[in-house]
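[1] All I have is the shape, not the residue letters:
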């Protein structure tokens, strides 16, 4: 992949679903450091240690499924995992006058993590334009 950068086929390299050990091993042998690490990150799987390793090494963390797969559409395979019904998230949302999804995405962004969500809730909900209008304390 580094050859693709040196030949100009791509500008940057990124990796996905690496654990901390694999990421650290890569960093010891690579000539061109990846600029991004895409991993699953959400309130039920914060991946704190991996996020810390990546950020300490100047690697941007990108969260896929920050709203947990399908929960907002009632498609969750596990009814125990639904952040839109989570008591703590609902309390924080009520305190800030925001939706649970806005709270989860804002907390992700405040950790320095970018989010990718191919969820129709984000695509069609204009309230997400307001996500930078508040800060979680």
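    Received, thanks. In this text the structure is predicted, and so the values were computed from the model without any measurement. Residues are numbered from 1 along each chain as shown.

[2] where does the residue most central in space within the chain land on pLDDT?
    Centroid-nearest residue in the chain: residue 63, 1.9 Å away (criterion: Cα atoms, centre = their mean). The predicted local distance difference test score for residue 63 is 93.

[3] cool, and residue 131?
    Here the pLDDT value assigned to residue 131 is 65.

[4] Which residue, neighbours along the chain excluded, lies closest to the residue nearest to the centre of the chain?
    residue 41 (3.7 Å; Cβ to Cβ, 6 or more residues apart in numbering). (Each C-beta comes from the backbone N, C-alpha and C, glycine too.)

[5] tally of neighbours for that neighbour?
    Using other Cβ atoms under 10 Å as the criterion, residue 41 is surrounded by 23 other residues.

[6] Quick one: the strands in the chain, in order.
    14-16, 36-40, 60-64, 113-116 (DSSP state E).

[7] Pick out the shakiest of those, pLDDT-wise.
    Of all these, the segment with the smallest mean pLDDT is strand 113-116, scoring a mean of 89.

[8] rewinding a little: from memory the residue nearest to residue 63 sits against residue 49, does it?
    No - Residue 41 is beyond contact range of residue 49, at 11.9 Å (criterion: Cβ atoms under 8 Å).

[9] just to revisit the earlier point, residue contacts, the residue nearest to the centre of the chain?
    38-42, 108, 113-116 (Cβ atoms under 8 Å, 6 or more residues apart in numbering).

[10] at 6 Å instead, please
    If you count contacts by Cβ atoms under 6 Å, 6 or more residues apart in numbering, residue 63 has them with 41, 108, 113, 115.

[11] residue contacts, the second one?
    Okay, so that is residue 108. When contacts are counted by Cβ under 6 Å, 6+ apart, residue 108 is found next to 63, 66, 115.

[12] What is the neighbour count of residue 101?
    Using other Cβ under 10 Å, residue 101 has 24 neighbouring residues.

[13] Tell me who's in contact with it.
    Applying Cβ under 6 Å, 6+ apart, the residues near residue 101 are residue 67.
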